[in-house]
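[1] Based on what follows, work out the 3D shape:
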Amino acid sequence: MTSMDSADSVEREVYVEARPEVVWAAVTQPDGLARWYAFGGAEIDLRPGGRLVLRWDEHGEFLGFVEKVEPGRRFAYRYAVAPGVEPAPGNANLVEFTLTPEGEGTRLLVVESGFDRLDSPAEANAEQSAQAWDNSLSLLAESAATL
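    The predicted structure follows:
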């Protein structure tokens, strides 16, 4: 896994030993997300402007909306960084997934940005998100055979 962080974004890239369509389902379908990321469940209306809900038993329910859908290639959503509130300027980040076929698998790039525009301390949020993405993407790569 490669990583690059700045004051406003967290960037992670991982190779997943699964075809792009399998990885696409893992990052855009509720069942897929619940296996490696939103362990409490997810709801996604997979179209620009569609509603998104990500749940963790220990953290709560995070609300958002889909920004971009390029099937099999790119998926982006904006979510409120605090549980139970609608995304708005000052409380929301953008998460972008980019999938690139590589050999028999998929190179997955994840960029979470907007930390510098949050009303809460950006550094602590970026550090927490970096750790969460490291853990989640490691789990995704490790579970590729069972996706």
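[2] which stretches of the chain have low pLDDT?
    2-5, 7, 121-124 (pLDDT under 70).
[3] where do the helices sit along it?
    Assigned by DSSP state H, the chain shows helices spanning 20-28, 30-36, 122-142.
[4] Give me the distance from the second one to the chain's centre.
    Per C-alpha atoms, centre = their mean, to the nearest Å, the displacement of helix 30-36 from the mean C-alpha position of its chain is 11 Å.
[5] circling back: what's the most buried one of the helices of the chain?
    The highest mean neighbour count among the helices of the chain, using mean count of other C-beta atoms under 10 Å, belongs to helix 20-28: a mean of 19. Using the backbone N, CA and C atoms, a C-beta is placed for each residue, glycine as well.
[6] From residue 33, how far off is residue 40?
    10 Å (C-beta to C-beta, to the nearest Å).
[7] again, but for residue 47
    16 Å.
[8] just residue 59 next, same as before
    Between residue 59 and residue 33 the distance is 14 Å, computed by C-beta to C-beta.
[9] Residue 133 - nearest residue in space that isn't next to it in sequence?
    Nearest non-adjacent residue to residue 133, counting by C-beta to C-beta, 6 or more residues apart in numbering: residue 12, 4.8 Å away.
[10] Residue 48 reaches residue 69, doesn't it?
    Yes. Contact status for residue 48 versus residue 69: in contact at 6.2 Å, counting by C-beta atoms under 8 Å.
[11] Comparing those two, which residue is more hemmed in?
    residue 69 (17 against 12; other C-beta atoms under 10 Å).
[12] Which residue comes closest to residue 55 once chain neighbours are left out?
    The nearest residue in space to residue 55 (C-beta to C-beta, 6+ apart) is residue 40, at 3.3 Å.
[13] The one you found touches residue 57, doesn't it?
    Yes. Applying C-beta under 8 Å as the test, residue 40 and residue 57 come out as touching, 4.8 Å apart.
[14] Neighbour count for these two, which is higher?
    Of the pair residue 40 and residue 57, residue 40 is the one with more neighbours under other C-beta under 10 Å, namely 15 against 8.
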